[in-house]
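Asker: Next one to model:
(one chain, ligands or ions: 1)
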Amino acid sequence: MNGIVYLVGSGPGGLGLMTFRAREVIDGADVILYDQLPGRDIINSLPESAELVDVGKFGGHHIRKQGEIEKLMVEYARAGRVVVRLKGGDPFLFGRGGEEMETLRESGISVEVIPGITSAIAVPECVGIPVTHRSYASQVTMLTGHEDPDKPESAIDWEWLARSPGTLVILMGVKNLPNITVSLTENGMDENKPVAIIERGLRPDQRVTVGTLSDIAIKAKDAGVKPPAVIVIGDVVRLYVNQS
Ligand code: SAH
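Answerer: Model (predicted):
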């Protein structure tokens, strides 16, 4: 008898923002495949009764390749184990959860997806930035900043983004921030558009850097901004109030 794989979203950080269903399957798992994105509190809370496998992909540093992680999930499930693949935020937003689900389905393994609170909304929210607001933004676009906008094969339409009203929420964008800001201004976005970068949102060492499209890249460099961070571009950033 095959086991089952749960693709579980841990939420953006901290035990309080994880769902009851996530906690339940984690506590009942035989094997948990995790990386560092869920954060220390959650990782420290994983049950000792389970086999814990760090498949750590974090900050561009890969311990195991995606294909290997998927193979492991299939092997454990085929051995009849109850497997949790724990992922930061929500498993289906830039977490490769969709690909993992496909592989499991193709392998004939039962899979249940457990949604999580995504960092794309919760991390700006926790510093007082709503991704939509009747006065500032009636639409929001979430994108990966992993792709260099200069690459001709970029799957992201920067020209369209520069002209679209509303909020841009960029995940995995720290490394490419200089290219992203240039690309948006060159395509016509106002260089005074406010930008906020929230590093390690909802963690004890959370930090916010604010600026405009024209100066945020240099500010981020000076401040030594590092992933994981959520970048928010848009007028909603005006609602950010520095609490420190
Ligand atoms: N599935 C996840 C996103 C995975 S991509 C989700 O729904 O949140 C990884 C990226 O998410 C990071 O590079 C960063 O941009 C963002 N991220 C996740 N958790 C974060 C946190 N606590 N603080 C800041 N950024 C975070």
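Asker: neighbours of residue 186, just the number please.
Answerer: Residue neighbour count, defined by other C-beta atoms under 10 Å, stands at 12 for residue 186. Quick note: C-beta positions are derived from backbone N, CA and C, even for glycine.
Asker: State the distance from the residue nearest to it when sequence neighbours are not counted to the ligand.
Answerer: Residue nearest to residue 186 in three dimensions, not counting chain neighbours: residue 162, with 7.8 Å by C-beta to C-beta, 6 or more residues apart in numbering. Per C-beta to the nearest ligand atom, to the nearest Å, residue 162 is found 20 Å from the ligand.
Asker: Please name the residues that touch residue 162.
Answerer: Neighbour list for residue 162: 183-189 [criterion: C-beta atoms under 8 Å, 6 or more residues apart in numbering].
Asker: now, which of the residues you listed lie within helices?
Answerer: If you go by DSSP state H, the contacts of residue 162 have 183-186 in helices.
Asker: filter these to the buried ones?
Answerer: Neighbour counting over those (16 or more other C-beta atoms under 10 Å) leaves 183-184 as the buried ones.
Asker: Looking at the ones in helices among the contacts of residue 162, which is nearest residue 176?
Answerer: Nearest to residue 176, judged by C-beta to C-beta, of the ones in helices among the contacts of residue 162 is residue 183 at 9.1 Å.
Asker: tally of neighbours for the nearest residue to that closest one once chain neighbours are set aside?
Answerer: Leaving aside its sequence neighbours, residue 183 sits nearest to residue 149 (C-beta to C-beta, 6+ apart; 3.8 Å). The number of residues packed near residue 149 is 19, by other C-beta under 10 Å.
Asker: which residues touch residue 149?
Answerer: Residues counted as contacts of residue 149 (C-beta under 8 Å, 6+ apart) are 156, 158, 176, 179-180, 182-183.
Asker: Could you rerun that using 6 Å?
Answerer: Going by C-beta atoms under 6 Å, 6 or more residues apart in numbering, residue 149 touches 158, 179, 183.
Asker: Give me the local confidence score for it.
Answerer: In this prediction, residue 149 carries a pLDDT score of 76.
Asker: wait, is it part of a strand?
Answerer: No - read with DSSP: H, G, I helix; E, B strand; the rest coil, residue 149 is coil and lies in no strand.
Asker: Any chance of the backbone angles for it?
Answerer: Main-chain torsions, residue 149, degrees, to the nearest 10: phi -60, psi -20.
Asker: about what we covered before: CSV please, covering the contacts of residue 162 and showing pLDDT.
Answerer: Below are those laid out as CSV (pLDDT from 0 to 100):
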residue, pLDDT
183, 95
184, 97
185, 97
186, 96
187, 96
188, 96
189, 97
